[in-house]
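Participant: Fold the following.
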Amino acid sequence: MSEFQLPPIEVVPTLSTIERSSILDALFEPCQALRTLSLDVLHTQKFDSYFDLIASVGVQLTELSESPSTSDTEWLDQILGAHPRLGEKKVDSAQSKAEQAQLNTGGEEEATKLRELNAEYEKTFPGLKYVVFVDGRQRPLIMEDMRSRIDRGDIKLERAEGIKAMCDIAADRSAKLQQP
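Facilitator: Alright, predicted model coming up:
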């Protein structure tokens, strides 16, 4: 994990824009579209916990997914697409690097299959990347899940699963990044 630690939840509304951006980047992924969507909420709302903050962002994302506006859908897809590809070797966020480390331990055959699944997923769901809360699950189980989601072919359901996974990942990160 990174050296970054989340500040106490009660000070979040008083933080600078840069500090609030750092919180969003650490919990989710660095993404300008997410910052634009959620920075103001972190400034104007008080939260009892980081889980409440994450739930509030989840509500914003769900509202985008349920909106009839194409621009809202495109906005959401930018946010969901900010996650690195599963099994990617070059990952920018320290949190994602640590989370994906276990996925990069299999053989080259599995790595090739994962790259192929990522490509097929992104062709099936243009603008999205497969997002899942890894949480110790092994590569074959994750690839099975990816295969079933590709075969299902339901982009609305895929966006909903992506939002849930992002929030689950953020909740896990918040537990690891809070000051002792």
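Participant: Tell me where the protein has helices.
Facilitator: 17-27, 32-44, 50-66, 70-80, 94-100, 108-124, 139-152, 155-177 (DSSP state H).
Participant: Of all those, which one is nearest residue 9?
Facilitator: Closest to residue 9 of the helices of the chain is helix 50-66 (Cβ to Cβ; 5.8 Å). Yep, even glycine has a C-beta here, placed from its N, CA and C like the rest.
Participant: How far does the closest one sit from its chain's centre?
Facilitator: Computed by Cα atoms, centre = their mean, to the nearest Å, the chain-centroid distance of helix 50-66 equals 12 Å.
Participant: Repeat that for stretch 24-33.
Facilitator: With Cα atoms, centre = their mean as the basis, the mean position of stretch 24-33 lies at 8 Å from the chain mean.
Participant: in it, what counts as buried?
Facilitator: Using 16 or more other Cβ atoms under 10 Å as the burial criterion, the residues of stretch 24-33 that qualify are 24-29, 31, 33.
Participant: okay if I get those as TSV plus pLDDT?
Facilitator: Output for the buried residues of stretch 24-33, formatted as TSV (pLDDT from 0 to 100):
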residue	pLDDT
24	97
25	95
26	94
27	96
28	94
29	92
31	95
33	96
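Participant: Out of the residues you listed, which two sit at the greatest distance?
Facilitator: 26 and 33 (16.6 Å).
Participant: Hmm, residue 130 is touching residue 148, no?
Facilitator: No. Using Cβ atoms under 8 Å as the test, residue 130 is too far from residue 148 to be in contact (11.4 Å).
Participant: between these two, which one's more packed in?
Facilitator: Neighbours per residue (other Cβ atoms under 10 Å) separate residue 130 from residue 148, with residue 130 holding more: 27 against 9.
Participant: For that one, list the residues it contacts.
Facilitator: The contact partners of residue 130, by Cβ atoms under 8 Å, 6 or more residues apart in numbering, come to 85-86, 117-118, 121-122, 146, 149.
Participant: next one: residue 148
Facilitator: Residue 148 neighbours (Cβ under 8 Å, 6+ apart): none.
Participant: isn't residue 39 right next to residue 15, touching?
Facilitator: No. With contact defined as Cβ under 8 Å, residue 39 does not count as touching residue 15 (10.2 Å).
Participant: hmm, back to that, ranking by neighbours, what's the top pick from the contacts of residue 130?
Facilitator: residue 86 (23 neighbours).
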